[in-house]
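Colleague: everything below, folded, please.
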Amino acid sequence: MKPVFLDRDGVISVFTPDDYIKTWEEFQFLPGAIEGLKKLNDAGFSIIVISNQAGVGKGVMTQAALNQITDKMLSVLKENGISILKIYYCPHTSEDNCACRKPKTGLFEMANRDFGPIDFSKAFFVGDSSIDIEAGESIGARTILVLSGRTGVREEIDGWKIKPNFVAKDLSEAADIIISGVNS
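Modeller: Numbers count the residues shown, from 1 in each chain. Below you'll find the model as predicted:
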């Protein structure tokens, strides 16, 4: 298995600052997202989504609403010839201090239990925030920051203590980096 881990909001779908995607009507694929997912699938990668969804823990949305958004997203992706191996969500708030909320590695550990052993040093994690880059670094994956979500410009990473291995404008460009860097 050639795993690629992806955050959802800001990588696959539009990131909503100070809010959550609570319904399918609020969900929008980012430009380049479907194209990038298709490239990864066609190149033989297994796509695993790792996403914090604290809106559930905060009571802003229900688990059922999150499941409905996920089911519809997967349906659209399937129509485009794209398959996602599995999606792991952390529904907790930061105050819950759970083991699965990024930057902690619990969701990656779940994937390793389900599909492992995973050689994380050969895996990529694509995210849109310092938390994602920190999580990817913690598990030993190569990290790619996309500038399509929470982080909008390259200069924002100057103050981060952990820097991404690569920076891409969107998931399509990140897919090109992953595909070209498989053997490196």
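
Colleague: so residue 143 sits in a strand?
Modeller: Yes: under DSSP: H, G, I helix; E, B strand; the rest coil, residue 143 sits within a strand.

Colleague: what's the burial count for it?
Modeller: By other CB atoms under 10 Å, 22 other residues sit near residue 143. Every C-beta, even on glycine, is put in place using the N, C-alpha and C of the backbone.

Colleague: distance check, it against residue 96.
Modeller: 25 Å (CB to CB, to the nearest Å).

Colleague: would you mind measuring from residue 91 to residue 20?
Modeller: Here residue 91 is placed at a distance of 11 Å from residue 20 (CB to CB).

Colleague: over to residue 141?
Modeller: 26 Å.

Colleague: more crowded one of these two?
Modeller: Remark: of residue 141 and residue 20, residue 141 carries more neighbours, 24 against 17, as counted by other CB under 10 Å.

Colleague: pLDDT value on that one, please?
Modeller: If you check residue 141, the pLDDT there is 97.

Colleague: who's in contact with residue 89?
Modeller: Residues in contact with residue 89 (CB atoms under 8 Å, 6 or more residues apart in numbering) are 51, 52, 53, 56, 66, 70, 107.

Colleague: quick one on the thing from earlier: now do the shared contacts for residue 91 and residue 20.
Modeller: By CB under 8 Å, 6+ apart, residue 91 and residue 20 have these common neighbours: 53, 54.

Colleague: just after the top helix by length along the chain, pick out the following helix or strand.
Modeller: For the chain, the longest helix by residue count, based on DSSP state H, is helix 63-79. Remark: after helix 63-79, the chain's next helix or strand is strand 86-90, criterion DSSP states H and E.

Colleague: list the buried residues for that following strand?
Modeller: Buried positions in strand 86-90, judged by neighbour count with 16 or more other CB atoms under 10 Å: 87, 88, 89, 90.

Colleague: the second one pairs with what?
Modeller: So that's residue 88. residue 50 (DSSP bridges).

Colleague: surely it and residue 48 touch.
Modeller: Yes: counting by CB atoms under 8 Å, residue 48 is a contact partner of residue 88 at 7.1 Å.

Colleague: what are the ranges of the strands in the chain?
Modeller: All strands of the chain, identified by DSSP state E, fall at 3-6, 46-52, 86-90, 124-127, 142-146, 166-168.

Colleague: name the nearest residue to residue 37, ignoring sequence neighbours.
Modeller: residue 82 (4.7 Å; CB to CB, 6 or more residues apart in numbering).
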